[in-house]
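>>> sequence? don't have it. structure:
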């Protein structure tokens, strides 16, 4: 029997629930942007972008509001879509792009590689 910390189990279920909720609400008008807020926080001593999973359809226009709640600048990079931003302390910025390629696309803090990133899953239409 594997011993798993409760936080990891909770985080896993949270990601699954979030993906289901996002998919359930994605039957709106095709021309509307898919908007998400992604927040950089300190969670149990680890710097992390939350939510850790975003789900969109191929071809969706995506708008991400990036919020840095911490006291130092942090990066946000999705290499597959050419997104590379630095969010200043206690500030926010917005990025917009088209989710053109299906598959999982990781996002990270490119100026602090040990920080926990996440992924955007682009589903085939």
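On my side now, so go ahead. What you see is a predicted model, and the numbers here were worked out from it, not measured in a lab.

>>> only C-alpha atoms for contact and neighbour calcs from this point on.
Noted.

>>> Could you list the residues in contact with the helix or strand residue 35 falls within?
According to DSSP states H and E, residue 35 maps onto strand 34-43. Here strand 34-43 makes contact (Cα atoms under 8 Å, 6 or more residues apart in numbering) with 47-51, 56, 60-70, 74.

>>> List buried residues within the residues you listed.
47-51, 56, 60-64, 66-70, 74 (16 or more other Cα atoms under 10 Å).

>>> The residue lying closest to residue 32 once chain neighbours are set aside pairs with what?
In space, and not counting its chain neighbours, residue 32 is closest to residue 61: 7.4 Å by Cα to Cα, 6 or more residues apart in numbering. Listed by DSSP bridges, the beta-bridge partners for residue 61 are residue 98.

>>> Could you list the paired strands of the helix or strand hosting residue 84 along with their orientation?
Per DSSP H and E: residue 84 is located in strand 83-87. Sheet pairing of strand 83-87 (DSSP bridges) gives strand 74-78 (antiparallel).

>>> what's the distance between residue 70 and residue 122?
As defined by Cα to Cα, to the nearest Å, residue 70 lies at a distance of 29 Å from residue 122.

>>> and the strand holding residue 35, how far from the chain's centre?
Strand 34-43 sits 6 Å away from the centroid of its parent chain (Cα atoms, centre = their mean, to the nearest Å).

>>> about what we covered before: list the buried ones in the strand holding residue 84?
84, 85, 86, 87.

>>> Correct me if wrong: the last one contacts residue 70.
No - between residue 87 and residue 70 no contact is recorded; they are 9.9 Å apart, counting by Cα atoms under 8 Å.

>>> residues touching the residue nearest to residue 71 when sequence neighbours are not counted, list them.
Leaving aside its sequence neighbours, residue 71 sits nearest to residue 89 (Cα to Cα, 6+ apart; 4.9 Å). Residue 89 is in contact with 68, 69, 70, 71, 72, 73, 74, counting by Cα under 8 Å, 6+ apart.

>>> Which two of the buried residues of strand 83-87 have the greatest separation?
Greatest spatial distance among those (Cα to Cα): 84 and 87, at 10.0 Å.

>>> Surely the residue nearest to residue 71 forms part of a helix?
No - assessed with DSSP: H, G, I helix; E, B strand; the rest coil, residue 89 is coil; it does not lie in a helix.

>>> All good on my end, thank you.
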